[in-house]
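[1] Sequence unavailable; structure follows:
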């Protein structure tokens, strides 16, 4: 088998038929019938290709080609098989399909590797059926906790997590086992879900880090008053204060620029009627950076700025930081190795960071980890319109195959 | 009878018992049982005081003291008897109670006036039961149109306007009659619904004009994108553009100052989630001024500013002006007469404009009209917490009585 655009696209669409609808959307929630069927399809594909295919306790599917020289060392690649509601054909699926095809290609072309080569189809990453994300990867590294999922129920049909899991034929993993010990490297291919590669006309992104995130809710309290009878000088207009904060903080974020991003995504005004001076505003702030010190320093600046503007306006303010996740650097050696092999193969690549979270951030503290991106047209993701050009899919698969070759076939 | 704090407050609370609840709120919608009872109570009070009390066709209640010399000339005073949902004790009620008590006081003290003195309890002003406001005053001047109310239904119980009206025992007024011809002056007392008098420690406001209003809905269209993977430089963030618009326009409004007011009261963000760059924002803008040219010039500036900022940011914009009401000046002669009598009586008054709409703006194009305000503590209105100090109520009633005396008892 050669790596071609057609084999990649065909397998993406075959896998996408499990949970797929006629409008190109895919909904494949953890432990659903479509999810079970998709994993079963993948298991059969792996077995047909001569891989040893096995589920772990919770439903992560692994397909292994055994190594000749280092049977205790595994090079792992893959991504998650679950989707959000009405997803596209790339998020998650792509990392499984390209890992499977790259390993199959390497096995056919170069025979048995020195180290084990494994594709993984991880059970869950999105947190879209249950209020719990990264269930798959957290069970590989042993940080998933039974007690954290025992009380949770599905957003859609209210079924209990454990009931759904057992219904699909799976069970909890023994928490005393800790992380899998044999994994020497993990490489995940994913669609970018942003528009940087497209804008810069690059086919492949070599990811050197995943951003840290801090998220806040800010409450501004002024005074609701009649919009006609309250002179400008006697107002405590929470929307005016919110606007000054947003305008100043976003302008500063733009000035600082990459890799910082900063978003006021949600605004809720009270009472939110045309003829009342707004007495209260709730804002959310999502800010991300690849460097922890820079993230901390920026959020300190933001808090100071918000407090200053609110004070100037005589507006009450409370700031609640409810998410604080550190950046996750990828493994320097693997990133260097991938970059080198991209160069050697003449691939059109770019070094970049990931602005979104991925399974790789769960695995990276335990195993040398790296990621590859391919472009997302218009940055569209979590949507049936999600799209990557077949030529870029092939470039990505070649980059992944080259990396896995270096990791599994070389001393 | 003397005009005292107690007689005013007692009657306000007696009238407020119709539609009142134990938490001091009043809900007295047009043609409701509470409304019928309130009008009936007022009719009896008028008759007890020796007034000739009569309803017009649609339910406006008039109480007349006949003039000795000019039986075709009527000096009218009053306000509206309907309330918003969960209203306080002043809005509307106060103008009826003070007009009734002032006329009763004048009649007892000075006997028969030269001109007819009439108190009016107008049927409806708020537009809170049906999507139609100023039904009472518009039926006095003959601009209420049967066809405009024939299709409308109550917000609360869906009853048709005509059914509610006939249920309360009223009918349409013959539109060919035109405006009442005998009214030579109208003076309306109202609570300020703002905080200017309170801030300036004044008891009475003499209103020289009612603001004009322009209201807009502005739609800003950017592009919704992933908040993590979309670099600041590649965003079309509609919230950022909205913020710059609001911050700049409100700052300019504050610089211009009284009597201009400008409010962005409502903001609706799409999709309004923490981790998505906002693709769309709807804003409302409410702006008012006592001078039409100034209002037009300011809204032209606002439109220019909004278009400029949106263009700079590459954000689509559409601006819809859906309300355009001209300012209504009060009658110069009556305003001067009221100011003079306030001075003569040593009242603690202030010349001011009204930032809210009132029945007076409907009557002013037909009859020489003026208004008096008393303070609203904290500017609170349309709320059970609406409050005016009894001492200020008395000052206001005295100012009204003095004005009515000048208008009805002097040649």
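    Perfect, thanks for sending it. Fair warning: this is a prediction, and the values are worked out from it, not measured in the lab.

[2] Where do the helices of the stretch 51-200 of chain A begin and end?
    A:93-110, A:135-141, A:146-149, A:161-167, A:196-199 (DSSP state H, counting those that start in this stretch).

[3] could these go into CSV alongside mean pLDDT, distance to residue A:371 and mean neighbour count?
    The way it works is simple: take the backbone N, C-alpha and C, and place the C-beta from them, glycine included. Output for the helices of the stretch 51-200 of chain A, formatted as CSV (pLDDT from 0 to 100; distance: least, CB to CB, whole Å; neighbours: other CB atoms under 10 Å in any protein chain shown):
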stretch, mean pLDDT, distance to residue A:371, mean neighbour count
helix A:93-110, 98, 9, 24
helix A:135-141, 98, 13, 25
helix A:146-149, 94, 26, 13
helix A:161-167, 97, 28, 17
helix A:196-199, 95, 13, 20
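
[4] in chain A, which residue is closest to the centre?
    By CA atoms, centre = their mean, chain A has its centre lying nearest to residue A:358, at 3.0 Å.

[5] how near is that residue to chain B?
    11 Å (CB to the nearest CB, to the nearest Å).

[6] ok, now residue A:98?
    In terms of CB to the nearest CB, residue A:98 sits 19 Å off from chain B.

[7] Ok, residue A:209 next?
    Residue A:209 is 13 Å from chain B, by CB to the nearest CB.

[8] Just give me the neighbour total for that residue.
    20 (other CB atoms under 10 Å in any protein chain shown).

[9] Now the helix or strand hosting it: average pLDDT?
    Assigned by DSSP states H and E, residue A:209 belongs to strand A:204-210. Strand A:204-210 shows a mean pLDDT of 97 in the predicted model.

[10] Contact partners for whichever residue of the stretch 51-200 of chain A sits closest to chain B?
    With CB to the nearest CB as the measure, residue A:194 is the residue of the stretch 51-200 of chain A nearest to chain B, at 2.7 Å. By CB atoms under 8 Å, 6 or more residues apart in numbering or on different chains, the contact set of residue A:194 is A:355-356, A:376, A:379, B:225-226, B:228-231.

[11] same check, this time on residue A:41
    If you count contacts by CB under 8 Å, 6+ apart, residue A:41 has them with A:14-15, A:18.

[12] still on that earlier bit, quick check: which of the helices of the stretch 51-200 of chain A is nearest to residue B:214?
    Residue B:214 lies closest to helix A:196-199 among the helices of the stretch 51-200 of chain A, at 41.0 Å (CB to CB).

[13] Quickly check: the closest one near chain B or not.
    Yes: using CB under 8 Å from any CB of the partner chain, we find that helix A:196-199 touches chain B at A:196, A:199.

[14] for that helix, the distance to its chain's centre please.
    Remark: helix A:196-199 is offset 18 Å from the chain centroid, using CA atoms, centre = their mean, to the nearest Å.

[15] show me where the stretch 201-350 of chain A has helices.
    Using DSSP H, counting those that start in this stretch, helices in the stretch 201-350 of chain A cover A:238-256, A:292-313, A:332-344.

[16] so can I have JSON lines of those helices showing distance to residue A:115 and mean neighbour count?
    JSON lines is the format used below for these (distance: least, CB to CB, whole Å; neighbours: other CB atoms under 10 Å in any protein chain shown):
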{"stretch": "helix A:238-256", "distance to residue A:115": "42", "mean neighbour count": "23"}
{"stretch": "helix A:292-313", "distance to residue A:115": "32", "mean neighbour count": "16"}
{"stretch": "helix A:332-344", "distance to residue A:115": "13", "mean neighbour count": "17"}
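
[17] what residues does the one helix or strand in chain A whose mean pLDDT sits lowest touch?
    Least confident helix or strand of chain A, by mean pLDDT, DSSP states H and E, is strand A:225-226 with a mean of 89. By CB under 8 Å, 6+ apart, the residues outside strand A:225-226 that reach it are A:234-236, A:275-277, A:279, B:193-195, B:355-356, B:379, B:381.

[18] Just give me the closest of those to residue B:173.
    residue B:356 (26.2 Å).

[19] does that closest one really touch residue A:276, like I thought?
    No: assessed by CB atoms under 8 Å, residue B:356 is found out of contact with residue A:276, at 11.7 Å.

[20] For whichever residue of the stretch 301-411 of chain A sits closest to chain B, give me its contacts.
    Scanning the stretch 301-411 of chain A for the residue nearest chain B gives residue A:355, at 3.5 Å (criterion: CB to the nearest CB). Each residue near residue A:355 by CB under 8 Å, 6+ apart is listed here: A:193-194, A:211, A:259, A:261, A:288, B:226-231.

[21] Pick out the most distant pair among the residues you listed.
    Maximum distance among the contacts of residue A:355 (CB to CB): 15.0 Å, for A:193 and A:259.

[22] Phi first, then psi, for the closest residue to chain B within the stretch 201-350 of chain A.
    Nearest residue of the stretch 201-350 of chain A to chain B, counting by CB to the nearest CB: residue A:229, 2.8 Å away. Dihedral pair for residue A:229: phi -100, psi 0, per degrees, to the nearest 10.

[23] ok, it - how many residues close by?
    Count around residue A:229 with other CB under 10 Å applied: 26.

[24] is it true that it touches residue B:190?
    No: contact criterion CB under 8 Å: residue A:229 and residue B:190 do not qualify, at 10.5 Å.

[25] Can you pull the residues that touch both of the two?
    Common neighbours of residue A:229 and residue B:190 (CB under 8 Å, 6+ apart) are residue B:354.

[26] Run through the residues that contact the closest residue in space to residue A:341 that isn't next to it in sequence.
    Closest residue to residue A:341 apart from its sequence neighbours, by CB to CB, 6 or more residues apart in numbering or on different chains: residue A:402 at 4.0 Å. By CB under 8 Å, 6+ apart, the residues touching residue A:402 are A:338, A:341-342, A:344-345.

[27] Tell me the pLDDT of residue A:402.
    For residue A:402, the predicted pLDDT is 96.

[28] need the contacts of residue A:355 in CSV with distance to residue A:362, can you?
    Listed next are the contacts of residue A:355 as CSV, based on distance: CB to CB, whole Å:
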residue, distance to residue A:362
A:193, 17
A:194, 20
A:211, 15
A:259, 21
A:261, 21
A:288, 17
B:226, 20
B:227, 21
B:228, 16
B:229, 18
B:230, 23
B:231, 25
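
[29] Isn't residue A:51 up against residue A:63?
    Yes: counting by CB under 8 Å, residue A:51 touches residue A:63, with 3.8 Å between them.

[30] Who has more neighbours out of these two?
    Per other CB under 10 Å, whichever of residue A:51 and residue A:63 has more neighbours is residue A:63, with 26 against 22.

[31] who touches that one in this structure?
    So residue A:63 contacts A:42-43, A:46-47, A:49, A:51-53, A:100, A:103, A:118-121 (CB under 8 Å, 6+ apart).

[32] out of the residues you listed, which are buried?
    A:42-43, A:46, A:49, A:51, A:53, A:100, A:103, A:118-121 (16 or more other CB atoms under 10 Å in any protein chain shown).

[33] Neighbours of residue A:2, how many?
    Residues near residue A:2, counting by other CB under 10 Å: 9.

[34] which non-adjacent residue is nearest it?
    residue A:105 (7.2 Å).

[35] And residue A:193 and residue A:259? Which one has more around it.
    Neighbours per residue (other CB under 10 Å) separate residue A:193 from residue A:259, with residue A:193 holding more: 23 against 20.

[36] Show me which residues of the stretch 251-400 of chain A sit near chain B.
    Applying CB under 8 Å from any CB, we find that the stretch 251-400 of chain A lies next to chain B at A:253-254, A:257-269, A:272-278, A:284, A:286, A:288, A:354-357, A:376, A:379, A:381.

[37] one step back: contacting residues for the residue nearest to the centre of chain A?
    A:79, A:125, A:188, A:190, A:210, A:371.

[38] Can you give the contact residues for stretch A:298-310?
    A:214, A:216, A:218, A:220, A:241, A:244-245, A:248-249, A:252-253, A:256, A:260, A:262, A:285, A:287, A:289, A:316-317, A:319, A:321.
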